[in-house]
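Q: With the sequence up front, the predicted model follows.
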Amino acid sequence: MLSTDEVKHIATLARIGLTDAEVAHFERDLSAVLDWFEELKAADTAGAPAETSMAPESNRTVPDVAETSGEAPRILENAPGRKDNYFKVKSVF
């Protein structure tokens, strides 16, 4: 079982603020997950083939083709600021 300090350390690494009640809750839940991984490590996988994906297809790609929707003027109607056919935004630098 994870200790309170370990849960707080994990929360700090994840940059998550936890209340004392949440820490107690995650002590149980995270410990249960880690126990489940221990069960998985004990499984005999010596004869099992290595799988890289459960999906029947592999390397499915979509061609990279630029298309215009013809709706730029209509989309720009919702822009808070625009110039010609472009969105007008604050400068970055």
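A: Good, I have the coordinates. Numbers count the residues shown, from 1 in each chain.
Q: in the chain, which spans are strands?
A: Remark: strands assigned in the chain by DSSP state E are 82-83, 86-87.
Q: Make a markdown table out of these and add mean neighbour count, mean pLDDT and distance to residue 68.
A: Every residue, glycine included, has its C-beta placed from N, CA and C. Formatted as a markdown table, these follow (neighbours: other CB atoms under 10 Å; pLDDT from 0 to 100; distance: least, CB to CB, whole Å):
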| stretch | mean neighbour count | mean pLDDT | distance to residue 68 |
| --- | --- | --- | --- |
| strand 82-83 | 12 | 84 | 17 |
| strand 86-87 | 12 | 84 | 14 |
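Q: Tell me which of these approaches residue 63 most closely.
A: Closest of these to residue 63 is strand 86-87, at 26.8 Å (criterion: CB to CB).
Q: partners of the closest one in the sheet?
A: Sheet pairing of strand 86-87 (DSSP bridges) gives strand 82-83 (antiparallel).
Q: Name the residues that touch the strand it pairs with?
A: Contact partners of strand 82-83, identified using CB atoms under 8 Å, 6 or more residues apart in numbering, comprise 76, 88.
Q: same thing with stretch 13-28?
A: The contact list for stretch 13-28, computed with CB under 8 Å, 6+ apart, reads 1-4, 7-8, 10-11.
Q: in the protein, what secondary structure element scores lowest on mean pLDDT?
A: When the helices and strands of the chain are scored by mean pLDDT, DSSP states H and E, helix 72-76 comes last with a mean of 76.
Q: Please point out which parts of that helix sit buried.
A: Buried residues in helix 72-76, counted by 16 or more other CB atoms under 10 Å: residue 76.
Q: Which neighbouring elements make contact with it?
A: Packing contacts for helix 72-76, counted by 3 or more CB pairs under 8 Å, 6 or more residues apart in numbering; DSSP states H and E, involve no helix or strand.
Q: and which of the contacts of stretch 13-28 is nearest to residue 59?
A: Lowest distance from residue 59 to the contacts of stretch 13-28 (CB to CB) belongs to residue 10, with 36.6 Å.
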